[in-house]
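coords below, sequence missing:
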């Protein structure tokens, strides 16, 4: 059954905003409410069409009133985020992620109209270490519980979500554990990381990176909202890139940093406002993470259209990145050497 | 909404979605006179194409981080002289290794450094008619170590745990496991060719769950490459190693002591032990798992004794 009134949190960000736009374009949905603390950009608002923007803070109990008075039957919680808003944004981000989710769940629990909840979580809940199996399935847990940062937020969010499932068994809850997003237009820690002039890596380690194209992410969130598909699902594209390989495909130069110096370099990049890496994201650069998407394909009924490699290439070409080493030059050198060899024969 | 869609250019496997300048379309360039290119020229073209792929990141890696392109071009070639000239490895019963489909090779571990696993992987890759890659299961320590860990993943190894083993076996890979672990590889020289405990039988339950055959593999010769006559426990603790070996040459000769002794090697692959006839929940029967573990262990031990009796000289074979 298609939802009548949909509420989308985090609608001023890429995913939330574009998701609200998709619902607004769907005639089956009567009303679309977008919630965020700051208004969406003009371009995003134009895309969102008939969707209504509610300037509200989900950390505030006011959100309960919005849900109750509008008769919201489906809540899409897309605001759990790894991107701190500013240099002091990490505490605010944690507040928003954890306290915001608590308030939102409390509001959903109170409202008798709510019958579906879709939550954007992250595969970071599995952690990242050398003792982990190569591929995570939904049943696995982290070997070392993430001690701080986004991963810990996500673990806590999922904990509250399980509590909510117990208290409101009549609500269909879909938890989507996304891998890192990539795409020409989305802004994330990873897109900023690969856009750096030289890309710092951890010396002696090469992470396995699984990505998801932002369009696929939107399609998954939309499908979860439009159909009744309760459960926990890993969401990631097929295939894997090694971090070194991704840097080469982007035509960048890696800057290997000894693992002891990584926190310091991370702080440097943070204070220079280039990329804000939390410790769990640095561990990700160390080990990487791959999730099993069998359940997504079989039970959820969705196969990502882009593979990891294609999604990454789309990001590279969409951003108009120029490789440091020109592929034309490589080809011409290769040809030159072979010609020389042929003449020597 | 969906203006920028990437359409895969090269079929479902999506090898490359960005059109890249194609270089050297013909692997065997011919000169104007029509004479076939020399062998060294073909090799040069091969090498240059490899370098170009590396610079552009144009290769495939599987979910375990296995990079076949790098393995075949960089990791395997230097092993060849070691395999052919130094250890003069002789393989026996390679026909017991199936040409396709999942199978689990279980072998004895020895030699202070895991050269036995490296040589077994080379044997299967170079000498087996199907030229299969052996996907080995390694200890956590390997993957925690910088450089070594990354290299291990790229050469197709993964962490020794049941989810990884079963995933590999289900996808039809040939998996290698050395269940004695550090107990086997780091045992003193006087205990050579005495099999240690075979873990907790995790490899048997992985094989039972996936129904693949277990191929017992006995390696003779690896025990003598670095005879471990002592162990500096304090240094081992300091570095976080399971042991710090003393051999007749190491650490006395410094880096020269790291040269393995040129013993003559035999690698014998035994008859496969099938595991698909035990029903669905066979892995939950500990008695069956113990019995199968014992059977594999006994087979390897008996083969080792037989090979040792046949061997007349450690270095000449």
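Alright, I've got the coordinates. Being a predicted model, the structure only gives us computed values, none of them experimental.

how many neighbours does the closest residue to chain A within the stretch 1-150 of chain B have?
Nearest residue of the stretch 1-150 of chain B to chain A, counting by Cβ to the nearest Cβ: residue B:146, 2.7 Å away. Any C-beta I mention is one placed from the backbone N, CA and C, and that applies to glycine too. Applying other Cβ atoms under 10 Å in any protein chain shown, we find 16 residues neighbouring residue B:146.

list the contacts for it?
Neighbouring residues of residue B:146 by Cβ atoms under 8 Å, 6 or more residues apart in numbering or on different chains: A:202, A:203, A:204, A:205, A:259.

run the last query once more with 10 Å
A:202, A:203, A:204, A:205, A:206, A:256, A:258, A:259, A:286 (Cβ atoms under 10 Å, 6 or more residues apart in numbering or on different chains).

Also residue B:55?
A:248, A:251, A:323, A:325, A:327, A:329, A:330, A:334.

of the residues you listed, buried ones?
Neighbour counting with 16 or more other Cβ atoms under 10 Å in any protein chain shown marks A:248, A:251, A:323, A:327, A:330, A:334 as buried within the contacts of residue B:55.

Which two among those residues are spaced furthest apart?
Pairwise distances among the buried ones among the contacts of residue B:55 were taken by Cβ to Cβ; the largest, 16.9 Å, belongs to A:251 and A:334.

Return the list of helices and strands in contact with the helix or strand hosting residue A:262.
In the assignment (DSSP states H and E), residue A:262 maps to helix A:262-271. Judged by 3 or more Cβ pairs under 10 Å, 6 or more residues apart in numbering or on different chains; DSSP states H and E, helix A:262-271 is in contact with strand A:198-202, strand A:253-257, helix A:279-287.

Give me the angle between the longest one and strand A:253-257.
Translated: helix A:279-287. Orientation check (axes from the mean of the first three to the mean of the last three Cα atoms, to 10 degrees): helix A:279-287 against strand A:253-257 gives 110 degrees.

Helix A:279-287 near chain B anywhere?
Yes - applying Cβ under 10 Å from any Cβ of the partner chain, one finds helix A:279-287 in contact with chain B at A:286, A:287.

who touches the helix or strand following that helix?
Sequence-wise, the next helix or strand downstream of helix A:279-287 (DSSP H and E) is strand A:288-289. Contacts of strand A:288-289 with the rest of the structure, by Cβ under 10 Å, 6+ apart, involve A:122-124, A:126-129, A:132, A:134-136, A:179-180, A:205-210, A:236, A:240-243, A:283, B:65, B:153.

and the helix or strand following strand A:288-289, how far out from the chain's middle?
Remark: after strand A:288-289, the chain's next helix or strand is helix A:294-295, criterion DSSP H and E. With Cα atoms, centre = their mean, to the nearest Å as the basis, helix A:294-295 stands 19 Å off its chain's centre.

ok, for the residue of chain A found nearest chain B, nearest residue in space, not its chain neighbours?
Here the residue of chain A nearest chain B is residue A:204; by Cβ to the nearest Cβ that distance is 2.7 Å. Of all residues not flanking residue A:204 in the chain, residue B:146 sits nearest, at 2.7 Å (Cβ to Cβ, 6 or more residues apart in numbering or on different chains).

Which secondary structure state is assigned to that neighbour?
Three-state call for residue B:146 (DSSP: H, G, I helix; E, B strand; the rest coil): coil.

Phi, psi for it please.
Backbone torsions of residue B:146, given as degrees, to the nearest 10, read phi -60, psi 160.

so who does the spatially most central residue of chain B touch?
The centre of chain B sits closest to residue B:121, judged by Cα atoms, centre = their mean, with a distance of 3.6 Å. Residue B:121 makes contact with B:71, B:75-76, B:79, B:105, B:132-136, B:155-157, B:174, B:176 under the criterion Cβ under 10 Å, 6+ apart.

where does the chain have low pLDDT?
Chain wasn't specified; assuming chain A. Counting by pLDDT under 70, chain A has low-confidence residues at A:1, A:83-89.

Oops, wrong one, chain B.
In chain B, residues with pLDDT under 70: B:1-37.

Next one: the one residue in the stretch 201-317 of chain B that gets nearest to chain A from residue B:249, what distance?
Among the residues of the stretch 201-317 of chain B, residue B:206 lies closest to chain A, at 12.1 Å counting by Cβ to the nearest Cβ. Distance, residue B:206 to residue B:249, by Cβ to Cβ, to the nearest Å: 38 Å.

swap in residue B:147?
Counting by Cβ to Cβ - residue B:147 and residue B:249 are separated by 24 Å.

Please apply the same query to residue B:280.
Distance, residue B:280 to residue B:249, by Cβ to Cβ: 52 Å.

now do residue A:165
Noted for residue A:165: a distance of 63 Å to residue B:249, by Cβ to Cβ.

For residue A:256, list each beta-bridge partner.
residue A:201 (DSSP bridges).

What residues are bridge-paired with residue B:90?
Here residue B:90, judged by DSSP bridges, has bridge partners residue B:266.

in terms of contact, does it touch residue B:267 like I think?
Yes - look at residue B:90 against residue B:267 with Cβ atoms under 10 Å: they come within range, at 7.4 Å.

Can you check which residues contact both of these two?
Residues touching both residue B:90 and residue B:267 by Cβ under 10 Å, 6+ apart: B:123, B:127, B:220, B:221.

Tabulate those residues (CSV), appending neighbour count and distance to residue B:196.
Shown next, in CSV, are those (neighbours: other Cβ atoms under 10 Å in any protein chain shown; distance: Cβ to Cβ, whole Å):
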residue, neighbour count, distance to residue B:196
B:123, 23, 23
B:127, 15, 28
B:220, 29, 16
B:221, 27, 18
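
Just the residues you listed: which are in helices?
The helices, defined by DSSP state H, take in B:123, B:127 from the shared contacts of residue B:90 and residue B:267.

Report the separation between residue A:342 and residue B:38.
Taking Cβ to Cβ, one finds residue A:342 at 10 Å from residue B:38.

go on, residue A:214?
Distance of residue A:214 to residue B:38, given as Cβ to Cβ: 51 Å.

mind listing the helices for chain B?
With DSSP H applied, chain B shows helices at B:39-56, B:68-70, B:79-81, B:115-127, B:140-144, B:148-154, B:162-170, B:182-185, B:202-210, B:233-239, B:286-310, listed in chain order.

what's the most buried one of the ones you listed?
The highest average neighbour count among those, using mean count of other Cβ atoms under 10 Å in any protein chain shown, belongs to helix B:202-210 at a mean of 25.

So which elements touch it?
strand B:103-107, strand B:134-138, helix B:162-170, strand B:174-177, strand B:214-220, helix B:286-310.

Format those as a markdown table; extra columns: distance to residue A:45.
Below are the helices and strands packed on helix B:202-210 laid out as a markdown table (distance: least, Cβ to Cβ, whole Å):
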| stretch | distance to residue A:45 |
| --- | --- |
| strand B:103-107 | 59 |
| strand B:134-138 | 52 |
| helix B:162-170 | 46 |
| strand B:174-177 | 55 |
| strand B:214-220 | 63 |
| helix B:286-310 | 62 |
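
about what we covered before: want to throw the helices and strands packed on helix A:262-271 into a markdown table with mean neighbour count and distance to residue B:212?
Output for the helices and strands packed on helix A:262-271, formatted as a markdown table (neighbours: other Cβ atoms under 10 Å in any protein chain shown; distance: least, Cβ to Cβ, whole Å):
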| stretch | mean neighbour count | distance to residue B:212 |
| --- | --- | --- |
| strand A:198-202 | 19 | 36 |
| strand A:253-257 | 15 | 39 |
| helix A:279-287 | 21 | 28 |
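
List the contacts of residue B:239.
Residues in contact with residue B:239 (Cβ under 10 Å, 6+ apart) are residue B:232.

thought residue B:105 was touching residue B:176?
Yes - Residue B:105 is in contact with residue B:176 according to Cβ under 10 Å; the separation is 4.5 Å.

For the two, indicate the residue with more neighbours.
Each of residue B:105 and residue B:176 has its neighbours counted (other Cβ under 10 Å); residue B:105 has more, 27 against 24.

so what's the more buried one bridging to?
Bridge pairing for residue B:105 - DSSP bridges - gives residue B:176, residue B:215.
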